[in-house]
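Visitor: Need the 3D shape of this:
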Amino acid sequence: MPRDKTENHVKIMAAAKEEFLERGFEKASMRSIADRCGMTAAGIYRHCRDKEDLFCQLVSPSVDKLMMWANEHTNRYEKEVKKTGRFVWRDSYIDMMKDIIYPDMEDYHLLIARSKGSKYENFLHDMSETAQASFLSYLEKQKKAGVKVPDITPKQMHLLMTAYLTALFEPVIHNYPYEEAVGALAALEAFFLPGWKQLMGS
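Guide: Next up is the predicted model:
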């Protein structure tokens with residue numbers, strides 16, 4: 001469906017966000033969304049195919065922003081190794097939380113915690129799997145290029161990445177206020193980053 005910025009579309013999206021945040025994807029209803037924005041259900045369907053499409057319209061910008069950061073994160077490390085011939089610590093998923101996730105906590109709470117029943121209900125698990133595969137691929141490329149990398153199995157990487165991302169996203173799942181989330185992130189940074197740096201010999 002085309003994404004427009006007409007007054008009615010903006011009203012629908014605001015009402016849908018309220019509905020999904022309050023009731024979650026599974027329990028949300030198009031009739032309730034229509035009531036919230038003072039429109040008929042038929043009017044809503046001029047802007048989306050169904051409830052799933054409406055939810056996707058709401059969360060896809062957040063997904064795109066997150067995936068863009070992750071791709072750029074990998075590229076930054078690969079470029080650094082090509083430039084210096086060794087691993088150099090740059091940024092981490094801690095920075096992703098600071099720069100991308102926590103400033104828009106409500107949007108990511110919607111994506112992570114209110115998406116059950118939609119195609120995004122396993123988003124955090126899928127993200128962890130993707131991050132694990134990306135990291136292992138990165139290590140293999142560097143190993144072939146003669147760069148010293150840690151000897152870690154896929155199962156070990158799965159344990160580390162799952163624990164890491166689960167912890168980082170706990171404040172998102174529970175929709176912490178921003179200041180509380182930042183405080184939690186400082187504790188997570190102090191706990192996790194020394195381990196990652198030691199693992200990578202940095």
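
Visitor: how about the residue nearest to Thr162 when sequence neighbours are not counted, what does it touch?
Guide: Nearest non-adjacent residue to Thr162, counting by C-beta to C-beta, 6 or more residues apart in numbering: Ser128, 5.2 Å away. C-betas here are computed from N, CA, C, even on glycine. Counting by C-beta atoms under 8 Å, 6 or more residues apart in numbering, Ser128 touches His158, Met161, Thr162, Leu165, Thr166.

Visitor: can I see the domain layout of the protein?
Guide: 1-48, 59-199 (automatic domain parsing).

Visitor: Output these in TSV, with mean pLDDT appended to each entry.
Guide: Listed next are the domains of the chain as TSV, based on pLDDT from 0 to 100:
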stretch	mean pLDDT
domain 1-48	89
domain 59-199	91
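
Visitor: Can you tell me the element Leu188 falls in?
Guide: helix 178-199 (DSSP states H and E).

Visitor: gap between Ile112 and Asn175?
Guide: Relative to Asn175, Ile112 is positioned 10 Å away (C-beta to C-beta, to the nearest Å).

Visitor: farthest residue from the center of the protein?
Guide: In terms of distance from the mean C-alpha position of the chain, Thr40 ranks first, at 32.9 Å (C-alpha atoms, centre = their mean).

Visitor: Quick check, that one in contact with Ile33.
Guide: No: applying C-beta atoms under 8 Å, one finds Thr40 not in contact with Ile33, separated by 11.0 Å.

Visitor: Great, nothing more from me.
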